[in-house]
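Novice: turn this into a model:
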Amino acid sequence: MGKKSKRSKEELIAKRLARAQATAFVARPFADLPFEADLICLRELVPAATATAKLTEEYGGHEVTITSLLPAAWQAWRRDDGEILAGMQVPVSSTDASRDVARGILAAAEAEPGTSIEATTEPGEGPRLQDILDTSHPFDVRVLENFDYWALPEAESDADVAAALQQANDSVAPTEKLASVDSAYWTEMSGRTYVRWARPEGEDRVVDALARLQAENANDLGGIGTFLGYFRAHGIIVPVWELEFGTQVDDVEEPIAAFGKRLDEALNTTEPMSTEARRVRSGIVSRQLTIH
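Specialist: Sure, this is the predicted structure:
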């Protein structure tokens with residue numbers, strides 16, 4: 001009787017702990033994923049894109065297409081042909097975005113073809129993306145001009161669906177992924193051109209490095225950009241530079257590659273910061289914005 005009572009108490013404590021962990025806010029939900037920065041960009045920056053992923057054998061080994069956005073902002077979708085898609089941009093979420101996406105993927109994997117999975121604020125105590133994704137599988141991001149990857153059959157026969165798809169396509173700001181560095185995206189919005197570069201090294205390290213370069217008048221993306229500031233998103237930061245309007249992606253590749261080397265040096269230096277760099281750092285921090 002005593003042993004049974006003790007076991008029941010331990011089980012109750014374990015359940016309460018699991019429930020607490022499932023509802024605790026996770027400031028950096030995609031940490032430890034090798035493609036963390038790109039995943040965050042698909043969620044917060046890139047209007048239309050897909051990326052390749054795969055579940056571990058424990059969770060079925062299915063191929064999964066991670067997308068920036070699905071129709072009606074679904075969390076996941078099992079298409080009629082059986083393909084599994086997950087959407088990063090959703091209208092609601094819980095305290096752990098990684099668990100939200102994982103729940104959607106697993107629900108879609110078990111669903112009948114043609115089933116959509118809505119986003120929820122209560123995903124339960126299930127696994128996270130870090131648990132279900134095969135991180136050795138290439139996460140190849142493909143930035144697209146529109147949402148034609150939805151491949152909605154209704155768009156061919158239903159005028160309302162076709163009009164809604166066209167409206168969504170018209171809202172897409174021109175965006176491209178830079179090839180010479182990781183997780184940097186060129187975009188044109190409202191008559192202005194920007195590069196936004198997601199950095200997973202940690203806010204203090206990146207801001208210190210940017211301040212060091214700024215103090216030397218070298219925080220200019222290789223001579224082609226003006227540093228505007230940065231924003232926080234899911235525990236990492238995304239510095240932003242403005243380019244002369246009309247600057248194309250090909251014009252950015254070589255300068256940003258060279259600038260990336262200088263930024264890496266500034267990130268890894270052990271030299272103390274100069275007085276000017278410390279002053280500049282305060283100004284950089286004052287211009288930051290938190291998205292999530």
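Novice: in this structure A173 contacts E188, no?
Specialist: Yes. In this structure A173 lies within contact range of E188 using C-beta atoms under 8 Å: 6.3 Å. In this view, the C-beta of every residue, glycine as well, is placed from N, C-alpha and C.
Novice: ok, these two, which is more surrounded?
Specialist: The residue with more neighbours, out of A173 and E188, is E188; 17 against 13, by other C-beta atoms under 10 Å.
Novice: could I get the pLDDT score of that one?
Specialist: On the pLDDT scale, E188 is placed at 97.
Novice: can you map out the helices along this protein?
Specialist: Along the chain, counting by DSSP state H, helices occupy 2-23, 36-44, 97-110, 129-132, 159-170, 203-215, 249-268, 275-286.
Novice: check those for me: which has the lowest mean pLDDT.
Specialist: Mean pLDDT is lowest for helix 2-23 out of the helices of the chain, coming in at a mean of 55.
Novice: and R287, what does it touch?
Specialist: Each residue near R287 by C-beta atoms under 8 Å, 6 or more residues apart in numbering is listed here: 228-230.
Novice: swap the cut-off to 7 Å and go again
Specialist: G229 (C-beta atoms under 7 Å, 6 or more residues apart in numbering).
Novice: chain neighbours aside, what residue packs nearest to L165?
Specialist: A155 (5.0 Å; C-beta to C-beta, 6 or more residues apart in numbering).
Novice: separation between that neighbour and P71?
Specialist: From A155 over to P71 the distance is 10 Å, taken as C-beta to C-beta, to the nearest Å.
Novice: for V26, which non-adjacent residue is closest in space?
Specialist: For V26, ignoring the flanking residues on the chain, the nearest one in space by C-beta to C-beta, 6+ apart is D96 at 4.3 Å.
Novice: with F139 instead?
Specialist: Spatial nearest neighbour of F139, excluding adjacent residues (C-beta to C-beta, 6+ apart): F35 at 3.8 Å.
Novice: what pLDDT does that neighbour get?
Specialist: As predicted, F35 sits at a pLDDT of 98.
Novice: so for the residue lying closest to A53 once chain neighbours are set aside, what's the pLDDT?
Specialist: Excluding the flanking residues, the one nearest A53 by C-beta to C-beta, 6+ apart is V64, at 4.5 Å. Listed pLDDT for V64 reads 98.
Novice: before we move on, the earlier item: tell me which of the helices of the chain sits nearest to T56.
Specialist: helix 129-132 (6.2 Å; C-beta to C-beta).
Novice: pull the distance from the closest one to the chain's centre.
Specialist: Relative to its parent chain, helix 129-132 has a centroid offset of 15 Å by C-alpha atoms, centre = their mean, to the nearest Å.
Novice: again with stretch 238-254
Specialist: 20 Å.
Novice: likewise for stretch 96-112?
Specialist: That offset, for stretch 96-112, works out to 16 Å (C-alpha atoms, centre = their mean).
Novice: name the residues that touch that stretch?
Specialist: 26, 29-30, 59-60, 62, 64, 75-78, 84, 86, 88, 93-94, 115, 117, 119, 123-124, 126-132, 234.
Novice: surely A51 touches V143?
Specialist: No. Using C-beta atoms under 7 Å, A51 makes no contact with V143, being 9.8 Å away.
Novice: more neighbours: those two, which one.
Specialist: Under the neighbour definition other C-beta under 10 Å, A51 and V143 were set side by side, and A51 has more, 23 against 20.
Novice: OK, contacts around the residue nearest to A53?
Specialist: 53-55, 84, 86, 105.
Novice: mind putting the residues you listed into a markdown table with neighbour count?
Specialist: Below are the contacts of V64 laid out as a markdown table (neighbours: other C-beta atoms under 10 Å):
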| residue | neighbour count |
| --- | --- |
| A53 | 25 |
| K54 | 19 |
| L55 | 20 |
| I84 | 24 |
| A86 | 25 |
| I105 | 28 |
